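**Q** after the sequence you'll find the predicted model.
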Amino acid sequence: MSRVRLAVAAGSLLLVASCGLPCLPFLDLSAVSLPYQDPTPGMLEEQAQEIAAAEHRLAVYTVVTGVLAILGLAALIYAWKHSRSRKGDHGVQLSKPRGSALPPAAADPADGDISTRVAHMAEPSYLAAVRESYDAVAEDYVKIAPARFAEDALARGMLAAFAELVQANGRRPVADLGCGPGHVTAHLDSLGVAGFGVDLSPKMVDIARRTYPTLRFDVGSMTALDLPDGHLGGIVAWWSVFHTPPEDLPVVFGEFHRTLAPGGLLLVGFHVGDEHLRPERSYGHPVSYDAYLLLPDDIEDLLRRAGMVVTARLTQEPSQSLKRPQACLMARKSEHS
Ligand SMILES: C[S@@+](CC[C@H](N)C(=O)[O-])C[C@H]1O[C@@H](n2cnc3c(N)ncnc32)[C@H](O)[C@@H]1O
């Protein structure tokens, strides 16, 4: 039993006991002899002694009741505070504590039963702005992004290669992290890759579930994935790491490395540059997230430090349809890490 549950049970018991205890003095007093018709001095003295003893017990019961009530309340307050602190800032589904184990069989997506169970813990503060912003833009984002994806033949070429390589590696599941409205997850599915999507924005996940009802999408964050170690055959992070402050990227790449099986593949796409952007509006809506343009060499370096080796790199120069250069890196987790 968890400490919180124990505290709730103990607190409730103590409070019930403290409510019941005051009944005892009444039983006590009812046992005191009734007034005598013709009392002798001895009888009166005996009765006085009975009453004094009952009063004494009443005082003891009152003190014990008070102590039990205080202890009960303290236990319930402890339970309340402890459960709140575990919910984190937003009480939104995020993650499991690192290193905790999920039952491997229930979590095997090859069985169509991918487990991204809800747990609560504090999250990095920048995620709130990303979540709120994508919740706000979701309905308009989905009108634009999938069409752009359909036009991006080169990037889809990288996804096709990724799909082939990941399948050659075995039947482990592939996670599309920061899946947005789910079109990339669906594209992978059409290439025969058993995958599922995870996104920070509940609105994006709603849209993805609505649009692709046969696929699995979960709310979650790539900063703390609710997946067992070594669970995934591949990870796609398709234009989804660029809201992560660069100093926090090692956390994200650490999660990628933790959840990938040895030899697992990563495909990460991003806008190229070294600027830090703070757009006020996006897709016709006010947004409050930050966006970081990234340099492929820096990402390669960070991936290497996290235990992954870059095996392929695509960079696309700006064009009529592409405002900024963009890059797509494929990396592999070492067989021995
Ligand atoms: C530019 S959209 C890309 C969506 C989709 N991959 C696509 O290609 O259209 C960025 C997405 O990443 C998600 N995202 C950003 N940070 C995330 C995080 N830490 N964990 C999960 N999703 C995140 C956002 O909610 C948003 O849906």
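**A** All right, it came through fine. Numbers count the residues shown, from 1 in each chain.
**Q** in this protein, where is pLDDT below threshold?
**A** 1-8, 14-15, 19-37, 51, 54, 58, 64, 76-121 (pLDDT under 70).
**Q** so Val252 touches Thr223, yeah?
**A** Yes - using CB atoms under 8 Å as the test, Val252 is close enough to Thr223 to be in contact (5.9 Å). C-betas here are computed from N, CA, C, even on glycine.
**Q** these two: who's more crowded?
**A** Residue environment comparison for Val252 versus Thr223 gives the larger neighbour count to Val252, 24 against 18, counting by other CB atoms under 10 Å.
**Q** spell out which residues are contacts of both of Val252 and Thr223.
**A** Contact with both Val252 and Thr223 is made by residues Thr244, according to CB atoms under 8 Å, 6 or more residues apart in numbering.
**Q** mind listing the strands for the stretch 101-250 of the chain?
**A** Remark: strands assigned in the stretch 101-250 of the chain by DSSP state E, counting those that start in this stretch are 174-177, 195-199, 216-219, 232-238.
**Q** adding mean neighbour count and distance to the ligand, write those strands out as CSV.
**A** As requested, those are exported to CSV (neighbours: other CB atoms under 10 Å; distance: least, CB to the nearest ligand atom, whole Å):
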stretch, mean neighbour count, distance to the ligand
strand 174-177, 28, 6
strand 195-199, 27, 5
strand 216-219, 22, 9
strand 232-238, 26, 4
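**Q** need those strands in CSV with distance to Ser288, can you?
**A** Formatted as CSV, the entries for those read as follows, by distance: least, CB to CB, whole Å:
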stretch, distance to Ser288
strand 174-177, 22
strand 195-199, 17
strand 216-219, 19
strand 232-238, 22
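**Q** Thr315 - that's part of a strand, no?
**A** Yes - with the criterion set as DSSP: H, G, I helix; E, B strand; the rest coil, the secondary structure at Thr315 is a strand.
**Q** contacting residues for it?
**A** With CB under 8 Å, 6+ apart, Thr315 has these contacts: 272, 296, 325-328.
**Q** restrict the residues you listed to those near the ligand?
**A** The subset of the contacts of Thr315 within reach of the ligand, by CB under 6 Å from any ligand atom, is empty.
**Q** of these, which qualify as buried by neighbour count?
**A** Buried members of these, scored by 16 or more other CB atoms under 10 Å, are 272, 296, 326-328.
**Q** just the ones of these in helices?
**A** Among these, the members found in helices (DSSP state H) are Pro296.
**Q** next SSE after the lengthiest strand in the chain?
**A** Using DSSP state E to assign secondary structure, the strand with the most residues in the chain is strand 260-271. Going down the chain from strand 260-271, the next helix or strand is strand 276-277, by DSSP states H and E.
**Q** neighbouring strands for the very next helix or strand once past that next one, and are they parallel or not?
**A** Next helix or strand after strand 276-277 toward the C-terminus (DSSP H and E): strand 281-282. Using DSSP bridges, the strands paired with strand 281-282 are strand 285-286 (antiparallel).
**Q** what does the partner strand contact?
**A** Counting contacts by CB under 8 Å, 6+ apart, the residues outside strand 285-286 that touch it are 133, 136-137, 140, 280.
**Q** which of these sit farthest apart?
**A** Taking CB to CB as the measure, those reach their widest spread between Asp140 and Glu280, a distance of 15.6 Å.
**Q** between the contacts of Thr315, which is nearest Ala153?
**A** The nearest member of these to Ala153, counting by CB to CB, is Cys328 at 12.4 Å.
**Q** what sits against the closest one?
**A** Applying CB under 8 Å, 6+ apart to Cys328 gives the contacts 155, 158, 267-270, 313-315.
**Q** beta partners for it?
**A** Under DSSP bridges, the beta-bridge partners of Cys328 are Gly269, Leu314.
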